[in-house]
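Student: got a sequence here, can you build the structure:
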Amino acid sequence: MRTTVDCVSVESLAAAVSTVVADVESCESLDLPPLNESIDTDALQSFCETESLRTDGVGGTVSFAYSDSVVRVATGDPVRVSAAPATDETTARDVVARDTDLLDSEHASQTDS
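Tutor: Predicted coordinates for the structure are as follows:
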């Protein structure tokens, strides 16, 4: 089971999300609901393209619920897509809150330097 993949290009992002979630959920990609019902795929692609162009070394992360999984997309070169099964204890909101806290603390440590 693959829980993380590196995207060759931002254009392959939707396919990477479907592949990782299908692997996590032990199903075929075609059995999953349309990705655009969970997230604006154009906005996700734009976010990754914009964040990947940053020169300050700070990457961005976005997390969202898709099917029965929580997906995390981390920008950079390459863009990394990971997924984990959603549980009652691990909801997309929890993951987003953790990512936001992590990004806030990383930003604070960089501005303190």
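Student: show me where this protein has strands.
Tutor: 4-7, 61-66, 69-74, 79-85 (DSSP state E).
Student: just the buried residues of the third one, please?
Tutor: It refers to strand 69-74. For strand 69-74, the neighbour count (16 or more other Cβ atoms under 10 Å) marks 69, 70, 71, 72, 73, 74 as buried. C-beta: built from backbone N, CA, C; applies to glycine.
Student: on contacts alone, who are the packing partners of that strand?
Tutor: Contacting strand 69-74 under the criterion 3 or more Cβ pairs under 8 Å, 6 or more residues apart in numbering; DSSP states H and E are the following elements: helix 13-24, strand 61-66, strand 79-85, helix 92-112.
Student: sheet partners, orientation included, of the shortest one?
Tutor: The strands that strand 61-66 pairs with in its sheet are strand 69-74 (antiparallel) (by DSSP bridges).
Student: give me the contact list for the strand it pairs with.
Tutor: 13, 17, 20-21, 24-25, 44, 48, 59-65, 79-86, 90-92, 95, 99 (Cβ atoms under 8 Å, 6 or more residues apart in numbering).
Student: related to what we said a few turns ago, just give me the closest of the buried residues of strand 69-74 to residue 32.
Tutor: Checking the buried residues of strand 69-74 against residue 32 by Cβ to Cβ gives residue 69 as the nearest, at 9.2 Å.
Student: tell me the confidence at the closest one?
Tutor: Looking at residue 69, its pLDDT is 92.
Student: now residue 75
Tutor: We have a pLDDT of 84 for residue 75.
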